[in-house]
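Novice: Here's a sequence, model it:
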Amino acid sequence: MTGGAARVVRAPEEPRATFLDLFLDLVFVFALLRLSQTLLEHLNWSGAFQTLVLLLAAWRVWSASSEVADRFDPRRPAIQALVIGCMFGSMVLATAVPEAFGTHGMVFAGAYVAVQVGRALFLVIATRGDERQRPEMRVLFWFGVSAVPWLAGAAVQGWPRVVLWALAVAMDYTVLRLGWPTPRLGRASAAEFSISGEFLAERHRQFFIIALGELILVTGLGLSGDGFEADRSTAAVVAFATTVLLWRIYIHRAGEVLGGAVAAAPDPLRVAVSAVYAHLVMVAGIVAISVGDELVIEHPFGHTPPAWVAVVLGGPALFLAGRAIFEYAVFGRVSRNRVAGVLVLAVISPATIFLPPVLVAAAAALVLAGIVVTDAARARRRPPQEPSPPG
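Specialist: Got it, this is the predicted structure:
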């Protein structure tokens with residue numbers, strides 16, 4: 001390793017997640033709150049798709065920025081300055097979320113491109129003359145390519161912006177899945193990106209807890225908004241119970257042994273990317289649940305519009321789907337109760353439009369509780385399964 005890279009690259013035996021990583025995550029509490037508020041204000045198919053595009057962009061910024069502390073030494077002032085710069089850009093991006101498809105399109109796209117391209121360019125310079133520059137060159141190339149539709153979309157209005165940004169975010173995720181295939185450099189390998197299973201697992205657990213914290217924030221704010229009336233308090237109890245159940249389902253086995261799964265996998269990069277996508281789906285479910293919690297606490301009784309049912313029941317279903325993907329990445333199989341939970345939520349959804357919102361939320365919580373109970377029963381009957389990711 002050359003002198004320039006040696007000064008910033010992290011030694012393999014050093015501890016993983018640090019306070020700098022947690023500091024980075026603080027911005028994304030704000031980002032998730034802005035995303036859920038945006039979906040709440042545009043609770044229709046068009047608003048849901050636009051919120052999904054924005055969530056994909058925010059998640060890609062977080063995942064790429066959090067990887068810096070895995071490959072490079074976070075104690076170095078240059079790396080700390082880089083991460084703090086990514087934090088500031090992410091804060092600007094999150095601030096622009098509500099009007100990203102309106103008047104603040106260029107602010108959102110500009111912040112996204114500045115963070116992604118700027119971080120990659122910094123690391124290319126920091127690793128010059130070293131073999132570790134190759135993966136950074138790949139990342140810089142592809143973020144530079146995707147910058148074109150991001151900025152072009154910001155320059156237009158209406159559906160052209162939606163199409164261009166959807167294309168840009170699809171490109172950012174597709175090249176990640178394909179291993180950053182770059183002219184003259186080819187595809188990246190897991191060894192080239194120095195994937196640490198324990199770091200990956202710890203960082204995604206931390207972000208998941210951050211996402212659950214957004215649910216707690218929404219529940220607490222909703223409960224304190226207009227006193228402690230019995231109906232609002234009941235809805236807040238249901239929302240809090242749902243948050244606890246989500247946490248319990250997440251950590252049950254797969255959430256605890258992801259690091260071992262990456263280490264045991266024939267293709268660690270494939271398992272790592274699958275885990276990234278699975279957590280993205282789960283976080284998308286939490287954003288929807290957050291919107292549902294706010295609606296239910298604010299209006300616990302009365303009519304339940306279909307759009308409300310979509311977030312109150314669809315959010316948990318989306319979380320369970322992501323959890324199933326996660327489980328398959330770790331164990332190479334999916335528990336039947338995860339699939340059954342999604343099917344039950346889908347089957348009961350038409351009838352729930354005749355129930356008050358708080359009972360719809362309670363029905364979703366009961367489905368999640370059933371999964372927790374069956375998980376506990378299976379854990380008592382069988383020894384813990386070791387990670388066995390698919391080949």
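
Novice: Tell me where the longest helix sits in this protein.
Specialist: helix 268-298 (DSSP state H).

Novice: Please work out the angle formed by the directions of the helix or strand that that one is followed by and helix 268-298.
Specialist: As assigned by DSSP states H and E, the chain's next helix or strand after helix 268-298 is helix 306-331. Here helix 306-331 points in a direction 150 degrees away from that of helix 268-298 (axes from the mean of the first three to the mean of the last three C-alpha atoms, to 10 degrees).

Novice: Averaged pLDDT, helix 306-331. What do you get?
Specialist: Per-residue pLDDT over helix 306-331 has a mean of 95.

Novice: what's next to the helix or strand following it, contact-wise?
Specialist: Sequence-wise, the next helix or strand downstream of helix 306-331 (DSSP H and E) is helix 336-348. For helix 336-348, contacts defined as C-beta atoms under 8 Å, 6 or more residues apart in numbering pick out 313-314, 316-317, 320-321, 323-324, 327, 363-364, 367-368, 370-371, 374-375. Quick note: C-beta positions are derived from backbone N, CA and C, even for glycine.

Novice: how about a cut-off of 10 Å?
Specialist: 249, 309, 312-328, 335, 352, 355, 360, 363-364, 366-368, 370-375, 377-378 (C-beta atoms under 10 Å, 6 or more residues apart in numbering).

Novice: about what we covered before: so for the longest helix of the chain, what gets flagged as buried?
Specialist: 268-297 (16 or more other C-beta atoms under 10 Å).

Novice: that older thread, filter the contacts of helix 336-348 down to the buried ones.
Specialist: 249, 309, 312-328, 335, 352, 355, 360, 363-364, 367-368, 371-372, 374-375.

Novice: Nearest to the spatial middle of the protein, which residue is it?
Specialist: Leu280 (3.5 Å; C-alpha atoms, centre = their mean).

Novice: And the residue lying closest to that one once chain neighbours are set aside, how far from Phe88?
Specialist: Leaving aside its chain neighbours, Leu280 sits nearest to Trp59 (5.1 Å; criterion: C-beta to C-beta, 6 or more residues apart in numbering). Distance, Trp59 to Phe88, by C-beta to C-beta, to the nearest Å: 18 Å.

Novice: Look at those two and report which has more neighbours.
Specialist: Here Trp59 and Phe88 are compared on neighbour count by other C-beta atoms under 10 Å; more neighbours surround Trp59, at 23 against 13.

Novice: correct me, but the more buried one touches Val283?
Specialist: Yes. Trp59 is within contact range of Val283, at 6.7 Å (criterion: C-beta atoms under 10 Å).
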